[in-house]
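> please work out how this folds:
(one chain, ligands or ions: 2)
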Amino acid sequence: MKLLSVIVPCYNEEENIRDFYDELCKNTDFFRQKEIEFEILYVDDGSKDNTVSEVKKLRGEDERVRLISFSRNFGKEAAIYAGLQKCRGDLAVLMDADLQDPPSLLPEMYAYIEQGYDSVATRRVNRKGEPLIRSFFARMFYRLMNKISRTEIVDGARDYRLMTRPVVDAILSLTEYNRFTKGIFGWVGYETKWLEFENVERRKGETKWSFWKLFVYSLEGIVAFSTVPLTMASVIGVLFCVLAFVMIIVTIVRKLLFGDPTSGWPSLVCIIMLVSGVQLFCLGILGQYLSKTYMEVKKRPIYLVREEVD
Ligand code: UDP
Ligand code: MG
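Ligands and ions are numbered 1, 2, ... in the order given. Purely as a prediction, here's the structure:
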């Protein structure tokens, strides 16, 4: 008998816990035929509503339900890490609690594992039901990211992914504090099959991601998986030096030939503003990397468990 762990990060998802369970159970017949057992691991990411008690209620009805509850909100990335760490399955799948990752895809995903793939990932082909401006920035982010990072990050990729044990262990071996899971999946490699599906809108409740949160998250992704901004800072520095050098020569030659009196302090002010702006910008880039390094060096735990139902 094989075991499949379903890992569900939940943050204030009280309305979705049972729906998710019911929907998942509709699709378990296929796995029963294949002699695969389930365990459903809800990772409560410090919810402030009744998520925990909902999970416990479910647990009372079904032994296969497990719960890890964090001491506070650590973020989805931490929840994913905890789930992967605590799961016992030979296979693991990550799914959102809001049913945006349709469980009906699971049989097809498993079929590819049987064919020998190490992991089966999903991406949505459209962003139906999402604010336009959000989709626009998301697309920009992926395009930029793939230009400046050697790790492939697929546009529209979801965290919905079925993995074999070696892949799970590989992901766990990356113990960094700033976890950008989409990048980590790409970084570990392995034979990955991509499945596509139409975007499904969240069943109940609201998205936990504001535009600002997403923006900060995208910056984190860039800092975590690319050092191109640092190189860019040096290149800009060199360019400005070359420019300044040419200007010095021009000024001297002009003085010698025409005895030109120095004039125009407005242009000088503009140049000072521009150059100090560029300097601050580059310092900021450095600061981003420094702050991430600072957080890594502290070696704080990625999450803290308040309660566990095994
Ligand atoms: N989530 C979490 N911690 C957080 C934010 C979200 O565990 O800090 C979970 C959330 O409960 C859901 C999943 O991550 O199961 C995806 O979140 P959401 O649906 O809000 O994101 P979206 O689908 O809009 O990108
Ligand atoms: Mg969602």
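
> buried residues in the least confident helix or strand in the chain by mean pLDDT?
Among the helices and strands of the chain, helix 29-33 carries the lowest confidence by mean pLDDT, DSSP states H and E, at a mean of 79. Buried positions in helix 29-33, judged by neighbour count with 16 or more other C-beta atoms under 10 Å: residue 31. From N, CA and C alone the C-beta is placed, and that goes for glycine too.

> which parts of the stretch 201-310 of the chain are helices?
Using DSSP state H, counting those that start in this stretch, the helices assigned to the stretch 201-310 of the chain run over residues 211-225, 228-258, 265-298.

> pick the most buried one from the ones you listed.
helix 211-225 (a mean of 15; mean count of other C-beta atoms under 10 Å).

> helices or strands next to that one in the packing?
helix 132-148, helix 181-188, helix 265-298 (3 or more C-beta pairs under 8 Å, 6 or more residues apart in numbering; DSSP states H and E).

> tell me which of those sits nearest to residue 255.
Among the helices and strands packed on helix 211-225, helix 265-298 comes nearest to residue 255, with 15.8 Å by C-beta to C-beta.

> tell me the mean pLDDT for that closest one?
For helix 265-298, mean pLDDT rounds to 85.

> redo the helices and strands packed on helix 211-225 as a markdown table? Include distance to ligand 2.
Below are the helices and strands packed on helix 211-225 laid out as a markdown table (distance: least, C-beta to the ion, whole Å):
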| stretch | distance to ligand 2 |
| --- | --- |
| helix 132-148 | 13 |
| helix 181-188 | 15 |
| helix 265-298 | 26 |
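
> show me what from the chain comes close to ligand 2.
96, 98, 100, 202 (C-beta under 5 Å from the ion).

> any idea how far the last one lies from residue 146?
If you measure residue 202 against residue 146 using C-beta to C-beta, to the nearest Å, the figure is 27 Å.

> quick check: which of the helices and strands packed on helix 211-225 is nearest to ligand 1?
helix 132-148 (9.6 Å; C-beta to the nearest ligand atom).

> chain center to that closest one: distance?
13 Å (C-alpha atoms, centre = their mean, to the nearest Å).

> so the helix or strand just after that helix versus helix 181-188, what angle?
Counting by DSSP states H and E, the next helix or strand C-terminal to helix 132-148 is strand 157-164. With axes from the mean of the first three to the mean of the last three C-alpha atoms, to 10 degrees defining the directions, strand 157-164 sits at 50 degrees from helix 181-188.

> mind listing what's buried along strand 157-164?
Judged by neighbour count using 16+ other C-beta under 10 Å, the buried positions of strand 157-164 are 157, 158, 159, 160, 161, 162, 163, 164.

> circling back to that earlier point, any chance of the helices and strands packed on helix 211-225 in TSV, with distance to ligand 1 too?
Output for these, formatted as TSV (distance: least, C-beta to the nearest ligand atom, whole Å):
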stretch	distance to ligand 1
helix 132-148	10
helix 181-188	11
helix 265-298	17
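
> closest one to residue 213 among those helices?
So among those, helix 132-148 is nearest, using C-beta to C-beta, at 11.5 Å.
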